[in-house]
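A.B. asks: Got a sequence here, can you model it:
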Amino acid sequence: MNDPLAVYEHLPNEEKARTSIKTYLTNTYGPQYQKTFLGALEAFFALEFPQLAGERARRAIVAAINDMVIKYFPETTHLRSGQTTWVSVAKDETSSYGKPITKTRLVPVIISLLTDDERQRRMHGTTLQIIKRDAVARICHEVDQQGGCITAAELALILKTTPSTIGKYIAHWQTEHDQLLPRRGTIHDIGPTLTHKKHICRLLFLDKKTVSETARITNHSPQAIHRYITNFRQVFICTQNKLSTTDIALATKLSQRLITEYQKLFQEYALTNDSFAQLLNSPNHKQNNP
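C.D. replies: Reported below is the predicted structural model:
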């Protein structure tokens, strides 16, 4: 018996029709959805490395790669004229001797190859040498502010010159401004020079700056400053007690080259500071914390 007031939730064939439409849309447009970078990556792993992981794991790997692509290849529409992207070692990366770059954390940064100010300065006669020197300092600060740390070799590539020339620019700028530039050699305490160690020790032991003041001036962490204090004291006391360079190296776990450089530093300080000279020539002297 037909009920004139009956209300149907669905028409008799509606659910079947809905299922058919869904299947049609999936079959027709599903493949188009996969025709993307993510889809291509997923297919690449499935075809070339089927033993690597299951489908769910492959999708996680593909998503991680996609995130890295976005991070390391950002949109360039917001870059100003004269800017470019660069990949740098992370400023807060843990550094150790002999650690390869393949096991070192990297970060993408944006650097300015040329600024409007540099255009104007050149137009008004500023020499290229001065402009390049200041550009080195500017790039060091740019990278540092973005969580990276750059090397002299990288700066040499960017500015189409040699690392030794970059070293001269850095030394000149630091002398003129009485400030260390933030770069990988000073931040991660690596490289062949003692320039930053010398500057830090002078601030601490001759100028009597506090650890926090020295950290701010030299772009170092307080932990790094305390490490310099410890090394300086260890070599100083061993030198006072007439230990050989080899014995000091065994006692302090520092390289003989670094110990020799510290000892040269002691002699240099003794020439310009009477108190330090007396301390240097007073064996077994107990030092107070700075």
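A.B. asks: In a strand, residue 109, correct?
C.D. replies: Yes. Per DSSP: H, G, I helix; E, B strand; the rest coil, residue 109 lies within a strand segment.
A.B. asks: And it, what's its pLDDT?
C.D. replies: The per-residue pLDDT reported for residue 109 equals 91.
A.B. asks: Same question for residue 1.
C.D. replies: For residue 1, the model assigns a pLDDT of 50.
A.B. asks: ok, and the closest non-adjacent residue to residue 197?
C.D. replies: Using CB to CB, 6 or more residues apart in numbering and skipping residues adjacent in sequence, the residue nearest residue 197 is residue 228, 6.1 Å away. Every C-beta, even on glycine, is put in place using the N, C-alpha and C of the backbone.
A.B. asks: What's the separation between that neighbour and residue 24?
C.D. replies: The spacing between residue 228 and residue 24, counted by CB to CB, to the nearest Å, is 72 Å.
A.B. asks: Then residue 140?
C.D. replies: From residue 140 over to residue 24 the distance is 60 Å, taken as CB to CB.
A.B. asks: The two: who's more crowded?
C.D. replies: residue 140 (27 against 10; other CB atoms under 10 Å).
A.B. asks: how far out from the middle of the chain is the host helix or strand of the more buried one?
C.D. replies: Using DSSP states H and E, residue 140 falls within helix 128-145. Relative to the centre of its chain, helix 128-145 is centred 16 Å away, using CA atoms, centre = their mean, to the nearest Å.
A.B. asks: Remind me what that helix packs against, helices and strands.
C.D. replies: On a contact count with 3 or more CB pairs under 8 Å, 6 or more residues apart in numbering; DSSP states H and E, helix 128-145 meets strand 106-112, helix 116-123, helix 152-158, helix 163-177.
A.B. asks: Would you confirm that residue 84 belongs to a helix?
C.D. replies: No. Using three-state DSSP, the secondary structure at residue 84 is strand, not a helix.
A.B. asks: How about the contacts made by it?
C.D. replies: The contact partners of residue 84, by CB atoms under 8 Å, 6 or more residues apart in numbering, come to 110-111, 113.
A.B. asks: now do 6 Å
C.D. replies: Each residue near residue 84 by CB atoms under 6 Å, 6 or more residues apart in numbering is listed here: residue 113.
A.B. asks: Check it and give its pLDDT.
C.D. replies: Reading off the confidence values, residue 84 has pLDDT 89.
A.B. asks: How about residue 218?
C.D. replies: pLDDT for residue 218: 77.
A.B. asks: other SSEs contacting the helix or strand where residue 276 lies?
C.D. replies: Assigned by DSSP H and E, residue 276 falls within helix 274-280. With contacts taken as 3 or more CB pairs under 6 Å, 6 or more residues apart in numbering; DSSP states H and E, helix 274-280 sits against helix 256-272.
A.B. asks: Apply 8 Å and report the result again.
C.D. replies: Under the contact criterion of 3+ CB pairs under 8 Å, 6+ apart, helix 274-280 touches helix 222-240, helix 256-272.
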